[in-house]
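[1] pasting a predicted model and its sequence here:
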Amino acid sequence: LTLFLSIEVSKASKAKADAELEGRMEAASYYASMVKAFTDQLDESNPILTGISDAMTAEGEALDEGDEEAAKKWAEVKAQGQQELMKVSSKYKTLMKNLRDKAPPGC
């Protein structure tokens, strides 16, 4: 997800710069909105992804130590993180759809 969003930020940033060079200010504003949305999603998702990763590591360590109770706890933490990440993804999917629906001609 992080790599995908980083690529999308780069693409939208380049499109914004190109639009500015061509004097297409409405398009530049549109691409700036996309950069902000992708960056916001990245900023909101990163701590959740870190939490999921940490929970997966802790779950694996608990399983290696034979601590089923701790493994179950960490599996639940991981599942909660995945649910939270799905909510964030859904929020930004809707936001991006709305942005694209209002895109200026030629964007």
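    That came through, no problem.

[2] for the helix ranked longest in the chain, buried residues please.
    Longest helix of the chain, by residue count under DSSP state H: helix 25-64. Counting neighbours by 16 or more other Cβ atoms under 10 Å, one finds that the buried residues in helix 25-64 are 27-28, 30-35, 37-39, 41-42, 44-45, 48-49, 51-52, 55, 58-59, 62. (C-beta placed from N, C-alpha, C; glycine too.)

[3] could you say which helix or strand contains the residue lying farthest from the centre of the chain?
    Most distant residue from the mean C-alpha position of the chain: G66, 34.3 Å away (Cα atoms, centre = their mean). Using DSSP states H and E, G66 sits in no helix or strand.

[4] how near is E44 to L5?
    E44 is 10 Å from L5, where distance means Cβ to Cβ, to the nearest Å.

[5] quick one: contacts for the residue nearest to V35 when sequence neighbours are not counted?
    Once flanking residues are discounted, V35 sits nearest to A12: 4.6 Å by Cβ to Cβ, 6 or more residues apart in numbering. With contact set as Cβ atoms under 8 Å, 6 or more residues apart in numbering, A12 has these partners: 31, 34-35, 38.

[6] also S33?
    S33 makes contacts with L99, as judged by Cβ under 8 Å, 6+ apart.

[7] does I52 touch K78 like I think?
    Yes: counting by Cβ atoms under 8 Å, I52 touches K78, with 5.6 Å between them.
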